[in-house]
Structure formats: C-alpha cells, structure tokens
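**Q** below are the sequence and a predicted model; questions follow.
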Amino acid sequence: MVFSAAQKSSNKLENLNEHTHHHDHRRHHHHQHHHQSHQVSSSLQAFRSLASNSISQLPQSEILSLSWIHKFIGLLPSSINKAFAKLLVDIDYPMSSWDSESVQLFLSYSSNLLDLYNSISSCLSHIVQARISLSHGLSLLENSPSSAMKHLKSIPPGSFNLSFGGDPIAEDREVKDFSGEEMVVHEAVNELKRIGFWMCGIFLSGLCSDWKPYLELRKIAAGYDDSSVFTLDSRISELMLIRKMPVLKEIEDINGSVAKLLAASDAGKLDASMELQKQLHMLEKLMDDVNQEMDELFGNVMAQRNELIDCFRITTQPQKSVA
C-alpha cells in the first residue's frame, strides 16, 4: 500500500516534470517567436524613422523649383536606399532569400520608377533645347533683331503620358497576406514606391505645368497619408489651391524675363537681355547637375534590379546532378 502510494506520487512528479518541461519549451519557443517578431517590427519602425529624418532635412518652401528638386534627388534616394539596405541586414533577409512575391513587387516598382525617370529626362532635354534656342536668340539680338525674335520665346511646358506596363495596383497584394520578414519587405518597398512616385509626380507636374502627373501617381501610390512624405505632401495640397498651373520657379522667372525683354523699349533691351542671360546661365548649371543626378538615380535602380535578378536566377536554377 505504501509502495503503491509512493509509485503514484513518483508518477505524478514525473508527469509534472514532463508537463513543466513541455510548458517551458513552449514558453521559450513563444518568447523566441515574440522576440523575433518584435525585432522585425522595430526594424521596420527604424527604417521609417530614417526615411522621415532624411525628408525633414529638406526645406518646406519653394518645392516647385529645380533647385529644390536638385536638393531632393541629391539627398533622399541615396539615404533611403541605405536605410533599406540596413533594414534587410537588421531582419537578416537578404535579396537572395526573398520570396517570389517580394521579388515581383520590387521589380514592378523599380520598372515603373525607370519609366518615370525616362519621362523626366525627356522633359529635361526639352528644356535644354529651349534654353539653347533662347541663348542663340540673345546672341543675335544686337545685329539681327528680327532673327532673334524667332528664338526669343517662352519655354513651353513638357508633355507626360503615364504608360506603365501592366496595372501596378493589381500587383500589390494586401499586407495582411504576409508575415514576418516578407511583410516588412512589402511595407518597405511600398514606402520606397510612395517616396519615389511623390518625387516624380511633383517634378513632372512642374515640368509639364499640369497637376495631372502628380494626381495620377498619388492615386497609384494609394495616397501619402501614412507615408514619410505626408508633411511635404500637405504643402502640395496648399499649393494646388493657390496655383491652377504648377510651374518650376526657374522656368517661370525665365519666361517672365523673356516677356519683359520683348516688351522693353530699345533703351531697356540691354538690361533686360543681361538679366535673361544671367538666368539662362544659372539654369544651364542647374540642369547639368540635375541631369547628372538623374543619370545616377537611373544607374542605381538598374544596379538594384540586376542584383535582385541575379539572386533570383541563382536560387531558381535546377541543381546539377553530381556525377
């Protein structure tokens, strides 16, 4: 009887130890999973903070100007890309480990961005041609005023046609379908897209003197309410109420000087032409800088795409059988 009671007691103890060990293991696993998911979400938060801090360094005035765009593309894309690279390291999810959905999302976003960069470059080259024509007109002004008049015309607005391959909205699955690292990559790529589309939308609207590019890209990016560009975007909302047609400040100033020169008396023509000459010289330097930075942006996006495609190609290659 005593032995039987002792055996029961021993069995209870074993069962308790086993249950406690199992419970501790489950609790450790749950704690580990909770710690990992917390780390992943805090890494995403850190990425967003870095993006917001970079954007807060930009002035909030004269957004519709080439000099502001020059500051933006000189500062932001490189710092955002560094923040994105840091995020991938922090969550230990390099491009070579990405799921096909993440690869598809990034390739779609970057392809659309390259299309937008091409549209911007096309508008910029159109301004370069107009500037050359104006400079030529000024050189003719003294000896051949009638020939000069053919060239002394306002810089006309560029044109923009949104022609993305496929529907970019349809390619974005809801974030709730993902978990862990995949979700973070999707959130981060969508933020890259919002920042990139916002910049391209503002730039193209200023180049085309039309809010349409900005509005179309805002629609595709599903708005900027929860984006790091939200504060800057609210400035654009204010500008849209004031200005029916957006024009980059430097272009507006030059067009104003062209009108002034054409309306000037013979006595006032020299001063007016010198003022225009100075503005065209400043525009030339600014355009050179912006074009160079646009080339760098294009090259960086191409390099990221190639890196991702190479990773994906390696991971999807069939294993060679060992002889």
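**A** That came through, no problem. Numbers count the residues shown, from 1 in each chain.

**Q** point out where the stretch 1-150 of the chain drops to low pLDDT.
**A** Low-confidence segments of the stretch 1-150 of the chain (pLDDT under 70): 1-36.

**Q** what about the helices in the chain?
**A** 2-56, 66-90, 100-140, 145-151, 180-208, 212-220, 230-242, 249-263, 266-316 (DSSP state H).

**Q** looking at these, which is nearest to residue 158?
**A** The closest of the helices of the chain to residue 158 is helix 100-140. By Cβ to Cβ, the value is 3.4 Å. Bear in mind the C-beta positions are built from the backbone N, C-alpha and C, glycine included.

**Q** next, the angle from that closest one to helix 266-316.
**A** 160 degrees (axes from the mean of the first three to the mean of the last three Cα atoms, to 10 degrees).

**Q** how far does helix 100-140 sit from the chain's center?
**A** Offset of helix 100-140 from its chain centre (Cα atoms, centre = their mean, to the nearest Å): 14 Å.

**Q** what packs against that helix?
**A** Applying 3 or more Cβ pairs under 8 Å, 6 or more residues apart in numbering; DSSP states H and E, one finds that helix 100-140 contacts helix 145-151, helix 180-208, helix 249-263, helix 266-316.

**Q** can you list those in JSON lines and add mean neighbour count and distance to residue 64?
**A** Formatted as JSON lines, those follow (neighbours: other Cβ atoms under 10 Å; distance: least, Cβ to Cβ, whole Å):
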{"stretch": "helix 145-151", "mean neighbour count": "13", "distance to residue 64": "26"}
{"stretch": "helix 180-208", "mean neighbour count": "23", "distance to residue 64": "5"}
{"stretch": "helix 249-263", "mean neighbour count": "18", "distance to residue 64": "6"}
{"stretch": "helix 266-316", "mean neighbour count": "15", "distance to residue 64": "14"}
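
**Q** wait, which of those is closest to residue 89?
**A** Closest among the helices and strands packed on helix 100-140, using Cβ to Cβ: helix 180-208, at 11.9 Å.

**Q** returning to that earlier point: mind putting the helices of the chain in CSV, distance to residue 163 included?
**A** Output for the helices of the chain, formatted as CSV (distance: least, Cβ to Cβ, whole Å):
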stretch, distance to residue 163
helix 2-56, 28
helix 66-90, 22
helix 100-140, 7
helix 145-151, 32
helix 180-208, 13
helix 212-220, 11
helix 230-242, 23
helix 249-263, 24
helix 266-316, 18
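
**Q** let's have the helices and strands packed on helix 100-140 in TSV, adding distance to residue 234.
**A** Shown next, in TSV, are the helices and strands packed on helix 100-140 (distance: least, Cβ to Cβ, whole Å):
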stretch	distance to residue 234
helix 145-151	41
helix 180-208	12
helix 249-263	20
helix 266-316	25
